[in-house]
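Trainee: Make a model of this:
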Amino acid sequence: MIRTEAVKTTTIPGMAFRQKLKAGGSGITIMTPDDRATFTINKRDSSCVPYGKVNEKVFTDAVVKEVLELTTGLPYRRLGSIIQVHLDKPCEETPVEHETEDEKVDIDIISSKEYAAFIENFSDKKGRFSHQLMNKELMQFASRSGVVTKKLAEKESIDFIVKYIVRAKAAKLAKRKEMDDDTLDAFIDTIDDICTRSAFKELNAYLRGRLSRKSKK
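Mentor: Here you go, the predicted model:
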């Protein structure tokens with residue numbers, strides 16, 4: 001299972017974590033000793049929608065808001081499922097299971113040296129992944145890159161240039177060959193899912209600004 005470490009909730013007695021959903025995208029799961037609920041996360045506005053049946057009297061908007069805040073920035077890992085919550089002792093978990101076909105790509109990314117390098121380099125002192133740290137360094141990389149300058153002059157798409165920057169930076173940090181297109185897309189999606197907002201928003205804005213200035217010349 002691809003999920004974050006579990007965090008303790010205060011609005012209700014329970015535990016929660018963020019996870020990759022089998023149907024795609026990111027979600028949060030909240031568990032009490034007697035009940036559980038999963039919500040999908042809307043990347044556009046960070047709103048949450050019930051994923052299956054949810055007892056809304058227990059899992060209120062305040063609970064969901066707290067879990068979003070507690071899990072934002074926590075990196076994904078390959079962990080066992082929590083099957084029972086105990087408030088006075090460790091929760092019961094399943095062993096880390098063999099991956100299913102629909103999890104394989106995500107697990108390959110989670111286990112990759114590129115992912116590990118990004119998490120190590122762009123996490124804050126509390127161990128939370130920081131899109132601010134990442135964007136700052138990616139923008140510095142872009143500002144010094146002759147290739148990026150050339151691609152902007154040739155009016156390549158912002159999406160294309162972002163992919164170039166992330167591919168090159170990940171390869172440099174991990175000291176490996178550059179990822180192929182499919183792996184790169186899965187890598188970017190995984191990094192993006194860690195953040196409630198768009199992970200590369202600042203980098204996109206920076207590149208659009210440079211492209212706009214070039215167009216006015």
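Trainee: in the sheet, who's paired with residue 2?
Mentor: When bridges are called by DSSP bridges, residue 2 pairs up with residue 78.
Trainee: now swap in residue 38 and tell me
Mentor: Counting by DSSP bridges, the residues bridging with residue 38 are residue 29.
Trainee: what residues are up against it?
Mentor: If a contact means C-beta atoms under 8 Å, 6 or more residues apart in numbering, then residue 38 has 19, 21, 27, 28, 29, 30, 50, 51, 52, 54 as its contacts. Placement of C-beta: from N, CA and C, glycine included.
Trainee: Just want the most central residue of the protein.
Mentor: With distances taken as C-alpha atoms, centre = their mean, residue 194 lies nearest the centre of the chain, 1.8 Å away.
Trainee: Give the burial count for residue 20, as a bare number.
Mentor: Counted with other C-beta atoms under 10 Å, the neighbours of residue 20 add up to 23.
Trainee: Next up, phi/psi of it, please.
Mentor: phi -80, psi 130 (degrees, to the nearest 10).
Trainee: wait, isn't it in contact with residue 29?
Mentor: No. Using C-beta atoms under 8 Å, residue 20 is not in contact with residue 29; the gap is 11.1 Å.
Trainee: For the lowest-mean-pLDDT helix or strand in the chain, give me every contacting residue.
Mentor: When the helices and strands of the chain are scored by mean pLDDT, DSSP states H and E, helix 104-110 comes last with a mean of 79. With contact meaning C-beta under 8 Å, 6+ apart, helix 104-110 is reached by 2, 20, 76, 77, 78, 99, 115, 182, 183, 186, 187, 190.
Trainee: I'd guessed the third one sits against residue 190; true?
Mentor: So the one you mean is residue 76. Yes. With contacts counted by C-beta under 8 Å, residue 76 reaches residue 190, the gap being 6.6 Å.
Trainee: which residues are common contacts for the two?
Mentor: Counting by C-beta under 8 Å, 6+ apart, the common neighbours of residue 76 and residue 190 are 20, 106, 110.
Trainee: how about the helices in the protein?
Mentor: 61-71, 104-110, 113-121, 131-144, 146-153, 158-174, 181-194, 201-216 (DSSP state H).
Trainee: got a markdown table for these, with distance to residue 82 too?
Mentor: Converted to a markdown table, the helices of the chain look like this (distance: least, C-beta to C-beta, whole Å):
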| stretch | distance to residue 82 |
| --- | --- |
| helix 61-71 | 14 |
| helix 104-110 | 18 |
| helix 113-121 | 22 |
| helix 131-144 | 27 |
| helix 146-153 | 43 |
| helix 158-174 | 31 |
| helix 181-194 | 19 |
| helix 201-216 | 32 |
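Trainee: out of the ones you listed, nearest to residue 37?
Mentor: Across those, residue 37 has its closest neighbour in helix 61-71 (8.7 Å, C-beta to C-beta).
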